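Visitor: model the following, please.
(2 chains)
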Amino acid sequence: MNVEVTPLPGIGVRKDFATRHGRRIGVVTHRDGQIELIVSKSDDPDACLASLPLTADEAGALANLLGAPQLVAQLTEEHREVPGINTKQLPIKPNSPFDGRTLGDTAMRTRTGVSVVAVMRAGQVHPSPVPDFTFTAGDVLVAVGTSEGLEGALKILKNG
Amino acid sequence: MDHTALSLIELGAVFFALGVLGRLAGKIGMSPIPLYLLGGLAFGQGGLVPLPDIGGFTHLASEIGVVLLLLLLGLEYSAAELFTGLKRSWMAGLLDIVLNAAPGAAVALLLGWGPIGAIVMAGVTYISSSGIIAKVLGDLGRLGNRETPVVLSILVFEDLAMALYLPILTALLGGVSFFGGLEAVGISLLVITVVLVIALRYGRYVSAIVDSDDREVFLLKVLGAALLVAGLASAMQVSAAVGAFLLGIAVSGSTAHNATRLLEPLRDLFAAVFFVVFGLNTSPASIPPVLGWAVLLAVVTTLTKVATGWWAARRQGVGKLGRARAGAALVARGEFSIVIAGLAVSAGAVVGELAALATAYVLLMAVFGPITARVVEPLARGLQRRRGHGHEPATSSVS
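Guide: Have a look, this model is predicted:
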């Protein structure tokens, strides 16, 4: 991705890039650390539709929301070389028997050979969850294993 | 009542009135500078309420105001930013000088104010107000726009041009000969080069000298250094303001950010006094005779600034709407036009009408600039739509 970095003398730095649809997205970082999210207009690519001031926390949360699917894609890419090993996202549905129970309770590894490498919750990535990590509905598990193992893991999370 | 009591009451009344005016300006979303000038006109000679007892304080305070205005302008930039800004914008910067200095110089010559008056008025109409423009760009959410770096780098060029222009002006106002003037130009070029090199190479040492973790110590050191440098520069016939500007450039990094935060309220206070004093020294009765010229200059230099911005933005591949925005953003004049006129008037080298014309001109431009920046987009869109109207059936039949 070609990110353009433009100094704004006396104000800060603008970093942005053009999307496939011709819009520009980026951030303006003020010198005092204030961050603004900018999105260009569709009819006037030079102007901004929005320039939203974000706190550091808000910027971090947004980065995680955008970064989580990226993590899965990256893992899939890494395992492509290894035949028979897949990466899959497994959701904890609201009616799942493991809503409110721990990773250890699923006995996932012993039953299917599948490893849970990360849990995504509310836009945050929790890498390498320990056995007493407690799941809640809406979590998405990033799991690595054989395709049969992953099928089995999906069934376990659904039916117990 | 004794003299001190009277001075305190008058000073308090002036500051309070300025505070009220500033609040008013904030409410209607404009720069407070024209209101401060109006306040000065009202309090000054021939105005509504003359205040004779605060002359001693306001005289020095307005000098400090100029030093702080330029110091904070210098703190805004790092030397590296100045160099990249200069590389990107020198052609637009030259066009800016030619288009916008010419009207001021021409009017001064027409009015018979001589070559010095022409150089002063050229500076007044040339220099945009970076303070007003940066604020307007932020308020309108245009920091992410593609034309904004174009606007900012023109402002950087103007500020550097100021660093060169002010010492030359001070030398000329001092009544030196042609060769003396050349010498002054040579000295100021040399000093600026040396300072820029120091700032680029050894900026952190300069920063280290003034830096401190203790707010109080830091404030005293940075303000002390600014006044010292300004005073020394002034003694060497380079203007005090330029000395402060160059010190500001030499201080960099986090020291510069902290200094800016610490000095901003002081600058606002003393700069307000500076504008008031400028207004005080101008008699309101002297404005009506030059008002026609001020309006003419306002109209002409609005168009020339728009043309400058349009041309510079087009060179960077910005679309038509963006070019119009860039041009309109540059229109506002303000603090530095008054600084220039103030220098000329206090040196006594120009006629009093020049102050009146500069005041009237800045009053118009400081109000007109932000308004132009705001209305340019709907206006340009309206024009585009009307012009595009004839083509509309054709495009809709294609889709």
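
Visitor: residue boundaries of the helices in the stretch 251-399 of chain B?
Guide: For the stretch 251-399 of chain B, the helices defined by DSSP state H, counting those that start in this stretch cover B:253-280, B:287-315, B:320-329, B:335-347, B:352-388, B:392-398.

Visitor: quick one, which of those helices is nearest to chain A?
Guide: Closest approach to chain A among those (C-beta to the nearest C-beta): helix B:320-329, 3.4 Å. Where you see a C-beta, it was placed from the backbone N, CA and C, and this is true even at glycine.

Visitor: so, in contact with chain A or not, that closest one?
Guide: Yes - legend: contact between helix B:320-329 and chain A by C-beta under 8 Å from any C-beta of the partner chain is shown at B:Leu321, B:Gly322, B:Arg325.

Visitor: mind giving me the PyMOL command for buried ones among those?
Guide: Filtering the residues of helix B:320-329 next to chain A down to the buried ones (16 or more other C-beta atoms under 10 Å in any protein chain shown) takes a single PyMOL command:
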select buried, chain B and resi 321+322+325
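
Visitor: is it possible to get a markdown table of the residues of helix B:320-329 next to chain A that adds distance to B:Gly85 and pLDDT?
Guide: Supplementary listing: the residues of helix B:320-329 next to chain A in a markdown table, determined by distance: C-beta to C-beta, whole Å; pLDDT from 0 to 100:
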| residue | distance to B:Gly85 | pLDDT |
| --- | --- | --- |
| B:Leu321 | 24 | 91 |
| B:Gly322 | 19 | 92 |
| B:Arg325 | 19 | 93 |
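
Visitor: need the longest helix for chain A.
Guide: Determined from DSSP state H, the single longest helix within chain A is helix A:56-79.

Visitor: distance between that one and the chain's centre?
Guide: Offset of helix A:56-79 from its chain centre (C-alpha atoms, centre = their mean, to the nearest Å): 3 Å.

Visitor: returning to that earlier point: and the helices of the stretch 251-399 of chain B, which one is worst for confidence?
Guide: Ranked by mean pLDDT, these bottom out at helix B:392-398, which scores a mean of 36.

Visitor: any idea which element the residue lying closest to B:Thr308 once chain neighbours are set aside lies in?
Guide: Excluding the flanking residues, the one nearest B:Thr308 by C-beta to C-beta, 6 or more residues apart in numbering or on different chains is B:Asp96, at 4.7 Å. Assessed by DSSP states H and E, B:Asp96 sits inside helix B:79-110.

Visitor: how about the helix or strand that that helix is followed by, which residues are buried there?
Guide: Next helix or strand after helix B:79-110 toward the C-terminus (DSSP H and E): helix B:114-126. Neighbour-count burial for helix B:114-126 flags B:Ile116, B:Gly117, B:Ala118, B:Ile119, B:Val120, B:Met121, B:Ala122, B:Gly123, B:Val124, B:Thr125, B:Tyr126 (criterion: 16+ other C-beta under 10 Å).

Visitor: tell me the one of those nearest A:Gly145?
Guide: Distance to A:Gly145 across those (C-beta to C-beta) is lowest for B:Tyr126, with 71.0 Å.

Visitor: from B:Thr308, how far off is that closest one?
Guide: Computed as C-beta to C-beta, to the nearest Å, the B:Tyr126 to B:Thr308 distance reads 10 Å.

Visitor: circling back: was I right about the residue nearest to B:Thr308 contacting B:Ile154?
Guide: Yes - counting by C-beta atoms under 8 Å, B:Asp96 touches B:Ile154, with 5.9 Å between them.

Visitor: could you pull out the residues contacting both of the two?
Guide: B:Thr308, B:Ala312, B:Leu330 (C-beta atoms under 8 Å, 6 or more residues apart in numbering or on different chains).

Visitor: counting neighbours, which of these comes out on top?
Guide: When the shared contacts of B:Asp96 and B:Ile154 are compared by neighbour count (other C-beta atoms under 10 Å in any protein chain shown), B:Leu330 ends up highest, at 30 neighbours.

Visitor: so which of the residues of helix B:320-329 next to chain A is the closest to B:Ala259?
Guide: Closest approach to B:Ala259 among those (C-beta to C-beta): B:Arg325, at 32.0 Å.

Visitor: ok, that closest one - contacts?
Guide: A:Asp46, A:Ala47, B:Arg142, B:Asn145, B:Glu147, B:Gly309, B:Ala313, B:Ala373, B:Val376, B:Glu377, B:Ala380.

Visitor: over to B:Ile132?
Guide: B:Ile132 neighbours (C-beta under 8 Å, 6+ apart): B:Ser31, B:Ile33, B:Ala332, B:Gly334, B:Ala366, B:Gly369, B:Pro370.

Visitor: pLDDT on the helix holding B:Asp96, on average?
Guide: For helix B:79-110, the mean pLDDT works out to 88.

Visitor: where does A:Arg14 fall, phi/psi-wise?
Guide: phi -110, psi 130 (degrees, to the nearest 10).

Visitor: could you report the distance from it to B:Gly123?
Guide: If you go by C-beta to C-beta, the gap between A:Arg14 and B:Gly123 works out to 31 Å.

Visitor: about what we covered before: adding distance to A:Thr6 and pLDDT, write the buried residues of helix B:114-126 out as CSV.
Guide: Shown next, in CSV, are those (distance: C-beta to C-beta, whole Å; pLDDT from 0 to 100):
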residue, distance to A:Thr6, pLDDT
B:Ile116, 40, 89
B:Gly117, 40, 91
B:Ala118, 38, 93
B:Ile119, 35, 92
B:Val120, 36, 93
B:Met121, 35, 94
B:Ala122, 31, 95
B:Gly123, 30, 95
B:Val124, 31, 95
B:Thr125, 30, 95
B:Tyr126, 26, 95
